[in-house]
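Trainee: Sequence first, then the predicted structure, then my questions.
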Amino acid sequence: EAKAQGGGSIRFFNPAMQEAIIRRMLVESALRKAVQHQELEVYLQPQVNTQNEVVAGELLLRWTDPDLGSISPAEFIPIAEASGLIIPIGTWVIEQACRTLRDWQHIDALKNIPLAVNISPRQFRHGGFVAQVEHCLHEAGMPRGLLELEITEGMLIDNIEVTVKRMCKLGDLGVRFSLDDFGTGYASLAYLKKLPLQQLKIDQSFVRDMLADANDEIIIKTIIGLGENLNFSVIAEGVETEKQLAHLKALGCKKFQGYLFGQPAPIAEWQQRFTQNLKLVSES
Ligand code: C2E
Ligand code: MG
Ligand code: MG
Ligand code: MG
């Protein structure tokens, strides 16, 4: 269709589109190599309570290609998802989480700190997913409730029956669920209480604009109220300033994540800081 009748030249694509397509192809083949050579890294970002104490952490992928430089998850995760590479990548991240949780069982200060892993829709839909998580948990042999999976509203829409079944199976294994980027998708409120879900994560766009836009504040208030009524914990992500923090606290939010408390950094780095002091003092 887009290919011309003759000569193999591409028509109907403008230069910008061509460039984007070429970039995608480059990134995909570099990502394939990165997976083979284990060049991806996971970083950790802490989550804190109202006392600035670390109560959990989220693992976030990082990737620097020798030729292309640092590439953000916002660019490579969709490519990993489309190409199927998300399956080995996602497995690896879960393994990293379980390995870390297992190590932390020997460190008194850290043994009750859960770790959250982002799960993409294709990964969650993959037939072997539940068995694979079960395998990782078993290998790590750690207590229940420490592995948390962050899923998004989009995943709840298509094939809700299968999703719920799968979530329940994982829930039986002691896995906890957090609904990421909450408020940006189309999750039906009726489903929320049917799901074995423990936490709603207020999307960072609402936090960013909360002080300027009354609608965003109302949305945050609504999510916090929803959490209270349906018994979900609520965490705000993307908290960057003391002002935002104070405002979120005033609205009743009790958990926070964002640059104010720390950037994502290598697990070993955070582990060292955590063992010294689990309290992250945001004021200098
Ligand atoms: P997310 O799960 O919603 O993660 C939050 C993003 O916000 C992260 O971006 C984090 O670095 C960033 N962030 C944290 N605090 C602040 C803040 O105070 N201000 C601002 N502006 N941003 C903040 P990152 O690491 O670039 O990841 C982007 C997205 O890529 C993630 O969004 C997640 O959807 C996806 N992702 C990252 N790692 C993985 C992974 O291992 N598997 C899958 N499937 N997706 C991942
Ligand atoms: Mg997340
Ligand atoms: Mg998010
Ligand atoms: Mg996101």
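Mentor: Alright, I've got the coordinates. Ligands and ions are numbered 1, 2, ... in the order given.
Trainee: Look up how far ligand 1 lies from residue 155.
Mentor: 11 Å (C-beta to the nearest ligand atom, to the nearest Å). Using the backbone N, CA and C atoms, a C-beta is placed for each residue, glycine as well.
Trainee: Can you give me the neighbour number for that residue?
Mentor: Per other C-beta atoms under 10 Å, the neighbour tally for residue 155 reads 23.
Trainee: nearest spatial neighbour of it, skipping sequence neighbours?
Mentor: Sequence neighbours aside, residue 121 is the residue nearest to residue 155 in space, at 4.7 Å (criterion: C-beta to C-beta, 6 or more residues apart in numbering).
Trainee: what's near enough to touch that neighbour?
Mentor: 81, 152, 154-155 (C-beta atoms under 8 Å, 6 or more residues apart in numbering).
Trainee: Likewise for residue 153?
Mentor: Taking C-beta under 8 Å, 6+ apart, one finds 179, 181-182, 184-187 in contact with residue 153.
Trainee: Equivalent analysis for residue 99, please.
Mentor: residue 140.
Trainee: thinking again about what came up before, would you write a ChimeraX line that selects the buried entries of the contacts of residue 153?
Mentor: A single ChimeraX command is used to select the members of the contacts of residue 153 judged buried by 16 or more other C-beta atoms under 10 Å:
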select :179,181,182,184,187
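Trainee: which ones are touching the closest residue to ligand 3 within the stretch 1-150 of the chain?
Mentor: Residue nearest to ligand 3 within the stretch 1-150 of the chain (C-beta to the ion): residue 150, separated by 7.2 Å. Applying C-beta under 8 Å, 6+ apart, we find residue 150 in contact with 58, 116-119, 177-180, 201.
Trainee: State the distance from it to ligand 2.
Mentor: 4 Å (C-beta to the ion, to the nearest Å).
Trainee: Going by secondary structure, that residue is in what exactly?
Mentor: Using DSSP states H and E, residue 150 sits within strand 147-152.
Trainee: so where's the stretch 101-250 of the chain uncertain?
Mentor: Along the stretch 101-250 of the chain, segments meeting pLDDT under 70 span 187.
Trainee: Repeat the analysis, applying 80 as the threshold.
Mentor: 157-159, 185-190 (pLDDT under 80).
Trainee: So which bits of it are right by ligand 2?
Mentor: 118, 150, 180 (C-beta under 5 Å from the ion).
Trainee: coming back round to it: ok, and the most crowded of the contacts of residue 121?
Mentor: Busiest of the contacts of residue 121 [other C-beta under 10 Å] is residue 155, holding 23 neighbours.
Trainee: how far out from the middle of the chain is the one helix or strand it maps to?
Mentor: Per DSSP H and E: residue 155 is located in helix 153-157. Distance, stretch centre to chain centre, for helix 153-157: 14 Å (C-alpha atoms, centre = their mean, to the nearest Å).
Trainee: Could you export that helix as CSV, CA atoms only?
Mentor: The C-alpha coordinates for helix 153-157 follow below in CSV (Å, rounded to 0.1, in the frame of the first residue of the first chain):
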residue,chain,number,x,y,z
GLU,A,153,-6.1,0.8,33.5
GLY,A,154,-5.8,-0.2,29.8
MET,A,155,-5.0,-3.7,30.8
LEU,A,156,-8.3,-4.0,32.7
ILE,A,157,-10.4,-3.1,29.7
